[in-house]
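**Student:** Show me how the following folds:
(one chain, ligands or ions: 1)
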Amino acid sequence: MPEDEKKLKPYKIPAPEEIFSLMSHKPSADDKKLIIQAFEFAKKAHEGQLRKSGEPYFIHAYEAGKNLAKLGMDAKTISAGFLHDVLEDTEISRAILEKEFGKEIVLLVEGVTKLGTVKYKGKERHVESLRKFFMAVSYDIRVLIIKLADRLHNIQTLEYVREDKRKRIALETIEIHAPLANRLGMGKLKGELEDFAFPYAYPNEYKQIEELLRHKTGISQNYLDTIHKKLKKELSIQGIKIITTDYRIKHKYSLWKKLQYYKMDIDKIYDIVALRVIVPTVEDCYRALGIIHTLWKPLPNRIKDYIALPKPNGYKSIHTTVFTANNKDSIVEIQIRTEEMHMEAEYGVASHFLYKEKHEIGKKKLNEKFIWIDDLKEYKNTPGQPIKFIDDLKMDFFQYRIFIFTPGGDVVDLPEDSTPVDFAYAIHSDVGDHASGAKINGKFSSLDTKLSNGDIVEVIIKKESHPTSKWMDFTKTTLAKKHIKQYLQEHSLVSRFFGRSKF
Ligand code: MN
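**Tutor:** Numbers count the residues shown, from 1 in each chain. Take a look at the predicted model:
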């Protein structure tokens, strides 16, 4: 058998019904009809096409849709996932697709098709690629989620791609797609994208991690089972209802990132394996923490309350690290959270779709996580311009947002008509408080210049510069206004004092 035929993957054409059981909420009869219709349509459209792996091309389209179902997306997005390559790679025209599936699905497929042209061209073009990405998806966040589901399958099947192309695709995934998933709070997806890309992007470092893990004795599976059982038993004796407990093994790429801070000393990493406890309420989280600390002695300074103080991306949980016996190898990290926190941490913006139909909680959670949606509400809620918030927005989360870049490629999302002052405060209050000017796309500009989507902005700081009341007139974000007000108030105390002394 020739060498490359040996590598061919066995395949069978799946059945659309498999998707139904993966969906987070029970699909309606209409949902099922749509999914089956898209499935059959894509299968026919891609008929005769083969992937590098030897599989029918349709398998890729199907897997992308399946990833979307696992991410908790709705029937329309899953269907658009099946159809995502139809416009680009088959004879099917936009008109036919629209006649068959309607405008909404066509717009999604078209959005994904346009994104296909964004390529990673090395660090220096990185900002450019990200810019294109954000601008292309700015009308519907689902386009981006479909693209990420598509990328996940591509990266899972990277071994079949020509060798000289693998590294570029892998780097692109780590530098562009994973950060986007992270930006959307989709932690699970981010971890998967990075881990599949890791061995191709950084083969030597990957081998090094594998080697380190091989020699790390740490906790055995048996021992982990024992303490897991003990924990479950104790919690239930104390009357805490446990929704689930499981382990999570740290993603290899994120382990490598973390190890760089610790000079590659793997013994300093305590969360390679973590026990995860999911309980019904926030109160239960704190009670569980108390019970755990009664059972096992915690390591000092390792208790992290991300419920009271969430991470900047909205992550909530309580982490603690405990000695489960009297030796160093018995150290285990335990993460405690509610089911909603768990969903939010794993699925991010997509968990909104998970919760939407279950509870009304989706809206509230989304507000908490993406504070800028609140900003948006205030911004558009002017008299004569009423907005029924999420209802009107539907899924167009980015509709009234612009994305501004630091020269280093970090993205800040701001409301439309924001200025360099809004941008400066979004970076850091000190940057805002001392902003004296800005370079927009390399050109000197005044602080009240309205920014446009995709601008690269560098804030010029001077120690003697400070906010003035005029800034209140042209800033758009509540964050900037809050800081300016604060500065002015502190200052007016002084001027009032001098004012009075004139009498
Ligand atoms: Mn594709």
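
**Student:** For D417, which three-state class applies?
**Tutor:** At D417 the chain is in coil, as set by DSSP: H, G, I helix; E, B strand; the rest coil.

**Student:** my guess is it meets T477, correct?
**Tutor:** No - with contact defined as CB atoms under 8 Å, D417 does not count as touching T477 (10.4 Å). Heads up, the C-betas are built off the backbone N, CA and C, glycines and all.

**Student:** ok, those two, which is more surrounded?
**Tutor:** Higher neighbour count among D417 and T477: T477, with 22 against 15, using other CB atoms under 10 Å.

**Student:** quick one: low-confidence ranges for the stretch 351-500 of the chain?
**Tutor:** For the stretch 351-500 of the chain, the stretches with pLDDT under 70 are 351-401, 409, 493-500.

**Student:** mind running it again at 50?
**Tutor:** By pLDDT under 50, the low-scoring segments of the stretch 351-500 of the chain are 355-399, 499-500.

**Student:** Please enumerate the helices of it.
**Tutor:** Counting by DSSP state H, counting those that start in this stretch, the stretch 351-500 of the chain has helices at residues 351-356, 361-369, 371-380, 389-393, 420-427, 429-433, 470-474, 478-501.

**Student:** Report how many residues lie close to the closest residue to S79 other than its chain neighbours.
**Tutor:** Once flanking residues are discounted, S79 sits nearest to A38: 3.5 Å by CB to CB, 6 or more residues apart in numbering. Other residues lying near A38 total 26 when counted by other CB under 10 Å.

**Student:** Find the helix or strand that A38 is a member of.
**Tutor:** Following DSSP states H and E, one finds A38 within helix 29-45.

**Student:** Who are the packing partners of that helix?
**Tutor:** Packing partners of helix 29-45 (3 or more CB pairs under 8 Å, 6 or more residues apart in numbering; DSSP states H and E): helix 17-22, helix 57-70, helix 75-82, helix 86-89, helix 94-101.

**Student:** Could you export those helices as JSON lines, including distance to G437?
**Tutor:** Formatted as JSON lines, the helices and strands packed on helix 29-45 follow (distance: least, CB to CB, whole Å):
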{"stretch": "helix 17-22", "distance to G437": "53"}
{"stretch": "helix 57-70", "distance to G437": "45"}
{"stretch": "helix 75-82", "distance to G437": "44"}
{"stretch": "helix 86-89", "distance to G437": "44"}
{"stretch": "helix 94-101", "distance to G437": "46"}
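
**Student:** Need the winner for burial among the ones you listed.
**Tutor:** Comparing the helices and strands packed on helix 29-45 by mean neighbour count (mean count of other CB atoms under 10 Å), helix 75-82 comes out on top with a mean of 28.

**Student:** taking the mean pLDDT, what do you get for that helix?
**Tutor:** What helix 75-82 shows for mean pLDDT is 94.

**Student:** now the angle from that helix to helix 29-45?
**Tutor:** Orientation check (axes from the mean of the first three to the mean of the last three CA atoms, to 10 degrees): helix 75-82 against helix 29-45 gives 10 degrees.

**Student:** Other residues contacting helix 75-82?
**Tutor:** Residues from elsewhere that reach helix 75-82 (CB atoms under 8 Å, 6 or more residues apart in numbering): 19, 23, 27-28, 30-32, 34-35, 37-39, 41-42, 61-62, 64-69, 73, 101, 104-105, 108-109, 112, 142, 145-146, 149-150, 353.

**Student:** Could you list the low-pLDDT ranges of the stretch 101-250 of the chain?
**Tutor:** Counting by pLDDT under 50, the stretch 101-250 of the chain shows low-confidence ranges at 124.
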